[in-house]
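I'll drop the sequence and a predicted model, then ask my questions.
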Amino acid sequence: MAGGTHIVVAGAGAIGSVVGFMLARAGHGVTVIDPALVGSNASGVAAGMLAPGFETLFDPASSDHYALLAEARDLWPALADEIGLPLARDGAVAIGTQDEVEAWAARLLALGADARLIAPGSEPELFPPGAWTVFTSGDWRLDPAEALAALRQAAERFGARFVAGRVLGFDGRAVEVEGAAPIPAERLVLATGAARDLARLAPELETLTPIKGHILRAAGAFAAAPVIRAGGVYLCRAAAEVVLGASMEPGLTDIRVDPAVVQRLLDAAAPLLAPLRPLDWRATSGVRGATPDGLPLVGETGATGVVLAVGARRNGWLLAPLVAEVVLDLVEGRAMRAAARAFDPTRLATAPG
């Protein structure tokens, strides 16, 4: 039942922001706490992909998860309309040999996604000469900075508070915050990305692997177009910028920009960049948290009142509404949906012996 419960959400990235909004909209008292409330976390520097089709095809960790990813994507239109967030629904294309794109198209169709082959020369202004491509309309994108701002504003309209700070602990009655008075709360939701600082409250955080990623942006005026994927990189064109990404560097936790990684991304994307004028790239990096099976950890921990909402790998924006629905079900005592079983933190527990 909604109402009367005060909940602290640790983390104001994609998942924490959507969780905070949905809890506040349902009538709960909500405080969202994050050391950086200006989008400098991994969610803020991400590309904002909502791409169940190509993530299933090209990320081995997601190869068996299309149904869950598509379920999460389908929650976005209503959420975006409610908070006033535009979605880029131009679709996406992948470039390869004829044999590769035919195999990708067959796989997408088998999953239940749509797919259309585009022969060389059909759209020369978008693709390198001689390129075979497969197009799917079901992979979308949002602007992360706009999304974080819209979610915060919408949550605040329902009474949520956003506080800069670091959560240190929780005793079941109040959340300890660095440099501030404790905040009374019945529950603490950990949406802390790759951070393991609170593993004493939730040992499941130790199963997360940090994955550093570089992403490049260039400002300018561009015509919107489908996301293009080729050679392990992607290129997104929006009205005011081009986004190029993204590296996957497991085990790294620093956010320093590595010029060598930036150059590798530019080299890999050279065929995609040829139709564009020279660009002034700005590189950033962030660190995501990932689980061994590629799905997030969402659910109760052994500590009373502590709920996990972490480990979405590179699909934090995509999965955020579905993760938030699972958290809301748990908080309000409703029957758990199928996604809750897939996300259950106990699934990764090591069997005795």
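Yep, it's here. Numbering: from 1, shown residues only.

what about the helices in this protein?
14-25, 42-45, 52-58, 66-73, 76-83, 98-111, 144-157, 259-268, 270-273, 316-332, 338-343 (DSSP state H).

please save the CA atoms from the longest one in PDB.
As requested, the backbone C-alpha atoms of helix 316-332 are provided in PDB (Å, rounded to 0.1, in the frame of the first residue of the first chain):
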ATOM      1  CA  GLY A 316      20.900   1.300 -17.200                       C
ATOM      2  CA  TRP A 317      18.700   3.700 -19.200                       C
ATOM      3  CA  LEU A 318      16.900   0.900 -21.000                       C
ATOM      4  CA  LEU A 319      16.100  -1.100 -17.900                       C
ATOM      5  CA  ALA A 320      15.400   1.700 -15.500                       C
ATOM      6  CA  PRO A 321      11.600   1.700 -15.700                       C
ATOM      7  CA  LEU A 322      11.400  -2.000 -15.300                       C
ATOM      8  CA  VAL A 323      13.800  -2.000 -12.400                       C
ATOM      9  CA  ALA A 324      11.700   0.800 -10.800                       C
ATOM     10  CA  GLU A 325       8.500  -1.200 -11.200                       C
ATOM     11  CA  VAL A 326      10.100  -4.200  -9.500                       C
ATOM     12  CA  VAL A 327      11.200  -2.000  -6.600                       C
ATOM     13  CA  LEU A 328       7.800  -0.400  -6.300                       C
ATOM     14  CA  ASP A 329       6.100  -3.800  -6.200                       C
ATOM     15  CA  LEU A 330       8.500  -4.900  -3.400                       C
ATOM     16  CA  VAL A 331       7.900  -1.700  -1.400                       C
ATOM     17  CA  GLU A 332       4.200  -1.900  -1.700                       C
END
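
quick one, it and helix 66-73 angle?
Orientation of helix 316-332 against helix 66-73 (axes from the mean of the first three to the mean of the last three Cα atoms, to 10 degrees) gives an angle of 80 degrees.

with the first one instead?
Computed with the same axes, to 10 degrees, the direction of helix 14-25 lies at 50 degrees from that of helix 66-73.

name the residues that touch helix 14-25?
Around helix 14-25, the neighbours that count as contacts under Cβ atoms under 8 Å, 6 or more residues apart in numbering are 7, 9-10, 12, 30, 32, 34, 43, 46, 79, 83, 144, 147-148, 151-152, 154-155, 158-160, 162, 189, 191-192, 296, 309-310, 312, 316-317, 319-321, 323-325, 327-328, 331. The C-beta positions use only the backbone N, C-alpha and C, and glycine is treated the same way.
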